[in-house]
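1. The sequence isn't on hand, but the structure is:
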């Protein structure tokens, strides 16, 4: 298996632009997680899905952030409009059976909002 | 104003020595713990996990110890190698928002001196 795949690996955009991050989880994993990592706050869980359904989105910073999982093999995290404070590395992870199992992380998307 | 970021604890060890990385967790209801390793520019990688009904678990060159009385977790790496240089995170699983979530510590940077 190729592992969790994220795209793009790097994104540079200007404040106010829409940003879409993409994730393909490991096949057969029922759980998908989106994390954000910054120097200020470390690694934070934003939202996670079970069988394509959002379970907990309490970590989503504000309404500018939205996440979808239209099918078992694809998820997006969208920021609209983006702001400089959104600059971070965004990780997607998947797990066979939830938070009480190992999560497998993707390589991350490094986002810079100017 | 001055920006403040996370100040990661650091540990420097000589190649071949044993390393011990410590973690204090916050929630006595946490029932599952994981250690992750994150190399520069990569996503966190699973090392070893332990459930709360155990106090010790061993893997290849790594051992995790759990002391629930004082809410302390440690990762021991035997015969540390240069490839072990990375940031190590402990994570605890508990229900905080009505759903089980994984909460990550701030991390410890391990540097192996050849």
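-> Received, thanks. The model shown is predicted, which means the values in this text are computed figures rather than measured ones.
2. Show me where chain A has its strands.
-> A:5-7, A:10-13, A:19-24, A:31-38, A:42-50, A:53-56, A:65-71, A:74-79, A:88-95, A:104-105, A:109-113 (DSSP state E).
3. Check chain B too.
-> For chain B, the strands defined by DSSP E occupy B:10-14, B:19-24, B:32-38, B:45-51, B:56-58, B:62-67, B:72-77, B:86-95, B:100-104, B:108-113.
4. Which elements pack onto the longest one?
-> Counting by 3 or more C-beta pairs under 8 Å, 6 or more residues apart in numbering or on different chains; DSSP states H and E, the packing neighbours recorded for strand B:86-95 are strand B:32-38, strand B:72-77, strand B:100-104, strand B:108-113. From N, CA and C alone the C-beta is placed, and that goes for glycine too.
5. now that strand against strand B:32-38, angle please.
-> Following axes from the mean of the first three to the mean of the last three C-alpha atoms, to 10 degrees, one obtains 150 degrees for the angle between strand B:86-95 and strand B:32-38.
6. Can you pull out the residues in contact with strand B:86-95?
-> A:43, A:99-100, B:8, B:21, B:23, B:25-27, B:29-40, B:44, B:47, B:73, B:75, B:100-110 (C-beta atoms under 8 Å, 6 or more residues apart in numbering or on different chains).
7. Could you do the fifth one as well?
-> Among residues not part of strand B:56-58, those counted as contacts by C-beta under 8 Å, 6+ apart are B:48-50, B:63-66.
8. can you check the first one too?
-> With C-beta under 8 Å, 6+ apart as the test, strand B:10-14 has contacts from B:19, B:21, B:80, B:108-113.
9. Narrow these to those that are buried.
-> Using 16 or more other C-beta atoms under 10 Å in any protein chain shown as the burial test, those include B:19, B:21, B:80, B:108, B:110, B:112 as buried.
10. residues contacting the second one?
-> Residue B:21 makes contact with B:11, B:35, B:74-77, B:88, B:108, B:110, according to C-beta under 8 Å, 6+ apart.
11. Looking at strand pairing, list the partners for it.
-> residue B:75 (DSSP bridges).
12. And for the last one?
-> Taking DSSP bridges as the rule, residue B:112 bridges to residue B:13.
13. give the contact list for it.
-> B:12-15, B:19, B:80-85.
14. what about 10 Å?
-> Listed by C-beta atoms under 10 Å, 6 or more residues apart in numbering or on different chains, the contact set of residue B:112 reads B:11-17, B:19, B:77, B:80-86.
15. between the contacts of strand B:56-58, which is closest to residue A:55?
-> Distance ranking of these against residue A:55, using C-beta to C-beta, places residue B:49 first at 20.6 Å.
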